[in-house]
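# Sequence first, predicted coordinates after that:
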Amino acid sequence: MGDKLLDGNRMFLETEFTKQKEYFQKLAQGQSPTTLWIGCSDSRVGPERITGSRAGEIFVHRNIGNVVAVNSMSFATVAEYAINHLKVKEIVVCGHSDCGAMKALAAGKEGNDAFIPLWLNNAAEAKQRLEKRGAPAGEKEQRTALEKENVRLQLEHLRAYPIVKKALAEGRVTVRGLYYDLVTGTLSEVT
Ligand SMILES: [Zn+2]
C-alpha cells in the first residue's frame with residue numbers, strides 16, 4: 001500500500017520541483033503574491049489549479065462557502081498580512097457551482113450539526129435577498145443564483161473591513177467576485 005500524499009510528493013519532486021529548481025529556490029527565500037484569494041474549502045476548487053497559477057502567486061483563505069465572516073479574527077489577520085505586508089494588488093472572492101454550503105443554506109435544515117448552521121448564518125442574507133427579489137425558476141438556476149448572490153454578499157463584508165476599506169480608498173487594492181463552474185471548468189466575473 002502506497003502513501004498517497006508522500007508518493008505524490010515524490011512525483012512532484014521528480015517532475016515539477018526538479019524542472020523549476022531555480023524558481024523554487026528563489027521562492028524559498030520569500031513570497032510576493034499579487035492576489036488574496038477567498039475561496040471555498042471544496043476539494044474541487046483549488047485556486048492555483050483552476051487559475052493555472054504557480055506556487056507563490058496566490059495567498060489563500062479558504063473556508064466553508066467562501067465566506068468573509070464579519071468580525072472574524074482569522075480573516076482580519078489574513079487580510080492585514082496580505083495587504084500591509086505582502087502588498088497584494090487584488091482580493092478575490094470566488095464562489096462555485098455545486099457548493100455544498102449553498103445547498104445546506106438553501107435547504108435550511110438544522111440537522112444534528114453543531115457548527116455548520118451557525119457558520120452559514122454568515123451567508124443567510126444572500127438567501128433572503130434572493131427570495132425578496134424573486135428566485136429564478138428551476139432548481140439548478142436557483143442554486144446558481146444563490147451561489148452568485150453569496151459572492152456579492154461576501155464582497156460587501158469584505159469592503160466593510162477597515163483594513164480593506166482603507167486600502168481601497170487609497171487605491172492600493174481592487175476587489176472582484178469570481179464564479180467557477182465545475183461542469184465547464186470556466187471561471188467568470190460575478191457582477
Ligand atoms: Zn463550496
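Arrived safely, thanks for sending. Residues are numbered from 1 along each chain as shown.

# Surely Gly2 is within a strand?
No: with DSSP: H, G, I helix; E, B strand; the rest coil as the criterion, Gly2 is coil rather than part of a strand.

# Can you tell me how far it is from the ion?
Distance of Gly2 to the ion, computed by CB to the ion, to the nearest Å: 29 Å. Bear in mind the C-beta positions are built from the backbone N, C-alpha and C, glycine included.

# and Thr18, how many residues sit next to it?
Counted with other CB atoms under 10 Å, the neighbours of Thr18 add up to 10.

# Quick check, pLDDT for it.
pLDDT, the model's per-residue confidence, is 97 for Thr18.

# Reduced to three states, what does the spatially most central residue of the chain come out as?
Against the mean C-alpha coordinate of the chain, by CA atoms, centre = their mean, the closest residue is Gly39 at 1.1 Å. Per three-state DSSP, the local secondary structure of Gly39 is strand.

# Against Gly65, how distant is it?
10 Å (CB to CB, to the nearest Å).

# so, in contact with the ion or not, stretch 111-119?
No: Stretch 111-119 is not in contact with the ion by CB under 5 Å from the ion; minimum separation 12.0 Å.

# typo on my end, it should be stretch 150-157
No: judged by CB under 5 Å from the ion, stretch 150-157 makes no contact with the ion; its nearest approach is 9.5 Å.

# Run the chain-centre distance for that stretch.
For stretch 150-157, the separation from the chain centroid amounts to 11 Å (computed by CA atoms, centre = their mean, to the nearest Å).

# How about stretch 38-55?
Relative to its chain's centre, stretch 38-55 lies at 8 Å (CA atoms, centre = their mean).

# go on, stretch 17-28?
For stretch 17-28, the distance between its averaged C-alpha position and the chain's averaged C-alpha position is 26 Å (CA atoms, centre = their mean).

# Residues touching it, excluding its own?
Contacts to stretch 17-28, defined as CB atoms under 8 Å, 6 or more residues apart in numbering, come from residues 54-56.

# same question, stretch 114-126
Contact with stretch 114-126 is made by 63-65, 67-70, 101-102, 104-105, 110-111, 146, 149-150, 152-154, 157, as judged by CB under 8 Å, 6+ apart.

# list the buried ones in stretch 116-131?
Counting neighbours by 16 or more other CB atoms under 10 Å, one finds that the buried residues in stretch 116-131 are 116, 119-120, 122-123, 126-127, 130.

# before we move on, what about stretch 23-36?
Counting neighbours by 16+ other CB under 10 Å, the buried set in stretch 23-36 is 33, 35-36.
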